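1. Sharing a model prediction with you, sequence too.
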Amino acid sequence: MESKSNDIEIIKLQVQSNYQVILLNIDGITHEESMIFPNGDANCMNWILGHLIYIRNAFLNILGEESVWDGEKFSCYNRGEIPLNRKEEFVSFETLKSYLNENQEKLEKKINNLEKIDPEQVNDIATLCLHEIYHGGQLGYLRRILGKPGAIK
């Protein structure tokens, strides 16, 4: 049996690693804590997690899969939005966690079944992975700001 090409293996590892970092950084965070905007305006954990899912849905779409939610209904988590102005629309942190899990399952299943990556998609996929690393790190800092111990040892 032939092994997967390196590009697919790299993407698979990125998606799994980023997911683990996100899970560690949101572990033990309550909904109330997730709604705290540091300095009164820095993005809260709820928005960052919702935003990650929103953009992960675009990742699914690039790979030919359906999103785990209706982008219009969850547009408060889209890039360019001002979270503080739309916080009344945010869903519970537990709900976001379940969407994250559903998204991860779909991404892993799709990536595991890929035969090859379309060269036209390489830049988008690389950018989406970088996006997750960036916001995963933000979740780590927010965790500390909320008085929790660091999760990445």
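-> Sure thing, it's come through. Residues are numbered from 1 along each chain as shown.
2. Return the residues in contact with the residue lying closest to His131 once chain neighbours are set aside.
-> Leaving out its chain neighbours, the residue that sits closest to His131 by Cβ to Cβ, 6 or more residues apart in numbering is Ile55, at 5.7 Å. (Glycine included, C-beta is placed from N, CA and C.) Shown in contact with Ile55 (Cβ atoms under 8 Å, 6 or more residues apart in numbering): 79, 128, 131-132.
3. Now the buried members of those residues.
-> Buried members of these, scored by 16 or more other Cβ atoms under 10 Å, are 128, 131-132.
4. Let me know the closest of those to Gln16.
-> For the buried ones among the contacts of Ile55, the residue nearest Gln16 by Cβ to Cβ is Glu132; the value is 11.1 Å.
5. Test my guess that that closest one contacts Ser17.
-> No. Contact criterion Cβ atoms under 8 Å: Glu132 and Ser17 do not qualify, at 9.1 Å.
6. about what we covered before: kindly present the contacts of Ile55 as a markdown table, with separate columns for secondary structure.
-> Formatted as a markdown table, the contacts of Ile55 follow (DSSP: H, G, I helix; E, B strand; the rest coil):
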| residue | secondary structure |
| --- | --- |
| Arg79 | coil |
| Leu128 | helix |
| His131 | helix |
| Glu132 | helix |
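7. The closest residue to Asn78 other than its chain neighbours sits in which helix or strand?
-> Once flanking residues are discounted, Asn78 sits nearest to Tyr54: 5.7 Å by Cβ to Cβ, 6+ apart. Taking DSSP states H and E as the criterion, Tyr54 maps to helix 45-62.
8. next one: that helix to chain centre, how far?
-> Mean-position distance between helix 45-62 and its chain equals 5 Å (Cα atoms, centre = their mean, to the nearest Å).
9. again, but for stretch 89-109
-> The answer for stretch 89-109 is 9 Å, by Cα atoms, centre = their mean.
10. For Ser98, grab phi and psi.
-> Backbone torsions of Ser98, given as degrees, to the nearest 10, read phi -70, psi -40.
11. burial measure for it, as a count.
-> Counted with other Cβ atoms under 10 Å, residues neighbouring Ser98 total 12.
12. go on, Asn57?
-> 23.
13. and the closest residue to it other than its chain neighbours, helix, strand or coil?
-> Distances taken as Cβ to Cβ, 6+ apart place Ser67 nearest to Asn57, at 3.7 Å, with adjacent residues excluded. Secondary structure, three-state DSSP: Ser67 is coil.
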